[in-house]
Each structure stands twice: as structure tokens, then as C-alpha cells.
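Colleague: Quick one, structure for this:
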Amino acid sequence: MTIEGRLIVTVPIVSYCHNDAFVPYDEQKCAHLKSIWGFLKMHYESSSLIMALYFANQSCDPFLARDAPCRIRTHVQYTVNATNFFDIQKTIMFSKEHNIRLVIRNTGHDYLRKSTGPGTLGIWTHHFKDIEVINYSSRYYMGKAIKIGAGVQMFKINKIMHAHNLGDYEQLASIFGLAADQILEFEILTASQSLNEDLYWTFAGGGGGTLSIVLSMTSKAHPELRTAVANLTFTNAGISQDTFFNAAKIFIIGLGLILDASKTSIWLLIESMFTITPITIPGGSKNQLQKLIDPILQTLKRDNVTYTMNPIFNITEAQLGGRLILQSLLDSSPGVIINVFQNILILKNTALLSRVSVNISRQADLITNKLLSKLERIMLGGGVYLNEADSA
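Modeller: I've put the predicted structure just below:
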């Protein structure tokens, strides 16, 4: 089998930081790698790095001692830099013939270790970069759509969509639904609501990555809307925990109004900090947004809580687990949710809560059996978001 020189032998990029490694130790290169290690681009441009750092198992870690071993271990052994259908077809045939474990990899932004594994051969779809705005027509949908290759990232999609006066999905989810609700076609054979309907629904939410490899997808493209956005951060510095949680409680209780008004909010709560990053009103005005956040601002001012703009987060080493919260529970029993949040966060420096609110260190036992169980008991039927679910 030949794939025209597209096979990449994994050489850990941080080999420069270790003596017994694949390349000679280089102090300057190692220092540079450490300085950019927490940034997304550093990882998604690699064919083998594991962005969820825990799953690398410190097999070749830039922050360990120089004489610590550098091994491939949990990383893919080889990767095929696929750029067309035939690269993928040949790789699948080869792995099947030789009984080699195969994994699919794009950016490595994967918290469930699906894109890596010991002794594996990876198909790297990161360079499927074609993107096109089209006029789509079927019995289910007629209108603007965007066809994107498997390796196209959101910043590129946003740029193209904006150039065509179209909007992306995350901040419009309360109006149009989740991104999965917008998909018109997957390019495998072709899977749409009209062709290979069983595969279409499987890839739309039932088991992506288990039956075939997606080369591209075509999604609805909605008109871009003038949008009001705000960020807000406050901490528990100089105030009591009761005061801190009361301020967070005002926001969480108000989420029902936010979601009913087709707004979207991304927020993070830890034992010492609360941040909204951001709250968004698609098609809304500054005045509308001000009315939504005034109650929490008034509480902050009344209780002498200092608030600022939000911080920026990059990649994370956190152990993830999650539940989808039904809005009916938010509307009927916000106090129950607050109490559960407080019980989870009482373990200092151990847990944080991060939420995308729309209308519709490794501690697996702690996450699975203690923290998530508190949410599951009050959120029956809430479900999970697959890509940020509990890996245990």
C-alpha cells in the first residue's frame, strides 16, 4: 500500500526537554515549548499531541525533569495525514488487513481519549479544509447552507459566515437549536434525511465515529444578527462565601428569563470565582442586555462585591463530567440546583462548574460517584453532552 508519503512517524514534540528521547536535549527549544504549552494552536497543529493532558499519562511531559523518560506510550504510533477519500480508504484497508487498532484524529480536542491510544494508527482529518457557502434544496430545507471539510475549525467558519452575512450556532442555539439540529448532510457515502437516512441520524447524535469517517458536513446557515454581548467576573475576595454564592444565585435563578428570551450564556463557577463568558442576545440591544444583568449588578453593588472583565482560558487538564439540565427544573426548583452546586464546590480547589446555557487532576471516582451523582439525582432525563461527558 502507498499513500504518497503521507505517513507520519510519531516523534513526541517535547523530546527536546529530555535526555533519553528521540532528539537531542535543547534547553532553548524546551523553554519555548513550555511557554506555549497551554495554548490550543500548539496542540491542534500536531498529529499526535493529546490535548486532554491527563490521557498522555506524562509519557513525554515538558514539565518533568530533564532525565525523566520520554516515550510514545499512549500517543498514536503513526498517523496518516489524509487529504482525500482514497487516503482514508487505503488506511482502513491496511489496518483491517493487519489487525491494527485505528483511531480518528482531528485537532485532538477530545476529553474521552477517542483520538489516541497505545499502539494505534491514526487517520488525521485536520487538513480537510474545503469550505463553501451554497444554496441548498431538498424536501426538508431550502436556503443558505455551508459545506465544511472535517478539518475546518470554528474561527474559519465564523470568518466565512460573517463575510456572507450569516451567523454561527453556539450563540444562536436558543433560537435555532444545537449545531447537530442544523446538519443537512454528512459526506461518507452521502447521508442525509433523503439518502441513507439511518446513517444520517446515527451521525447526527447516535454514535459518530463508530460506523464510518466523515469527510465533510453540510449545515443550515442562518442570517447574521446584530448581537449584544457582555462578560462579567467576580470573586470571593474580601467577602463571605454566603455573599459570594448569593450573587451567583441571582444569576442562576434568572437563567429562565434569559433562555426564554432566546439568549445564550456561557458561565463558570468555582469555589472562589464566578464568570460569565459571555451572555449573548442575538438580535438584541444594549438596553435589553442591561435589563437582564441589572439584578446581578445591583446585588454586587449592594454587597460591595468588586467585579471585572472575564479571564481567558485555554486548554485544560480537568477531569470532565456533565449533565444537561432541563429548563423545567431550573424554572421550578432553582434553589435545589444552587444547593447541589454548593455541595459540589465545597471541596476546595477540587471541582469547578462550567455551563453553556441554552434553551433546549484525575479523580474519576470523585467525578463519577460523588459529584455527578448529586446532579443526576435532581436532573433525571437531563442526559449528557458526549464530547464533554464523564470518561469513566
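
Colleague: Give me the residues contacting the helix ranked longest in the chain.
Modeller: When the chain is parsed with DSSP state H, its longest helix is helix 286-302. Surrounding helix 286-302, the residues in contact under the criterion Cβ atoms under 8 Å, 6 or more residues apart in numbering are 228-230, 232, 234, 246-247, 250-251, 254, 257-258, 261, 263, 279, 281, 305-307. Every residue, glycine included, has its C-beta placed from N, CA and C.

Colleague: Going by neighbour count, which of those residues are buried?
Modeller: Neighbour-count burial (16 or more other Cβ atoms under 10 Å) applied to the contacts of helix 286-302 gives 228, 230, 232, 234, 247, 250-251, 254, 258, 263, 279, 281, 305, 307.

Colleague: Quick check: of those residues, which lies closest to residue 328?
Modeller: residue 258 (15.4 Å; Cβ to Cβ).

Colleague: Based on its surroundings, how many neighbours for residue 58?
Modeller: Using other Cβ atoms under 10 Å, residue 58 has 14 neighbouring residues.

Colleague: Mind pulling the model confidence for the closest residue to it other than its chain neighbours?
Modeller: Closest residue to residue 58 apart from its sequence neighbours, by Cβ to Cβ, 6 or more residues apart in numbering: residue 64 at 6.3 Å. Note for residue 64: predicted pLDDT of 93.

Colleague: just the one 4 residues further on next, same as before
Modeller: If you check residue 68, the pLDDT there is 94.

Colleague: Next, the contact list for the residue nearest to it when sequence neighbours are not counted, please.
Modeller: Excluding its sequence neighbours, the residue lying closest to residue 68 (Cβ to Cβ, 6+ apart) is residue 18, at 6.2 Å. Neighbouring residues of residue 18 by Cβ under 8 Å, 6+ apart: 25, 60, 64, 66-70.

Colleague: What separation is there between residue 18 and residue 33?
Modeller: 11 Å (Cβ to Cβ, to the nearest Å).

Colleague: Equivalent analysis for residue 338, please.
Modeller: Remark: distance between residue 338 and residue 33 (Cβ to Cβ) = 42 Å.

Colleague: Make sure residue 9 is actually in contact with residue 78.
Modeller: Yes - assessed by Cβ atoms under 8 Å, residue 9 is found in contact with residue 78 at 5.9 Å.

Colleague: Tell me the backbone dihedrals of the residue nearest to residue 58, please.
Modeller: Backbone torsions for residue 64, taken as degrees, to the nearest 10, come to phi -80, psi 170.

Colleague: what's the burial count for residue 52?
Modeller: Count around residue 52 with other Cβ under 10 Å applied: 22.

Colleague: Check residue 301 too.
Modeller: Close neighbours of residue 301, defined as other Cβ under 10 Å, add up to 11.

Colleague: where does residue 86 land in three-state SS?
Modeller: Following DSSP: H, G, I helix; E, B strand; the rest coil, the label given to residue 86 is helix.

Colleague: Next, count neighbours for it.
Modeller: 11.

Colleague: On the pLDDT front, check it for me.
Modeller: Residue 86 is assigned a pLDDT of 91 by the prediction.

Colleague: Next: residue 285.
Modeller: As predicted, residue 285 sits at a pLDDT of 85.

Colleague: my guess is it meets residue 228, correct?
Modeller: Yes - assessed by Cβ under 8 Å, residue 285 is found in contact with residue 228 at 5.8 Å.

Colleague: From residue 269, how far out is residue 199?
Modeller: Residue 199 sits 39 Å away from residue 269, going by Cβ to Cβ.

Colleague: Can you name the residues that contact the nearest residue to residue 193 once chain neighbours are set aside?
Modeller: Among residues not flanking residue 193 along the chain, residue 140 sits closest, at 4.9 Å (Cβ to Cβ, 6+ apart). Counting by Cβ under 8 Å, 6+ apart, residue 140 touches 184, 193-194.
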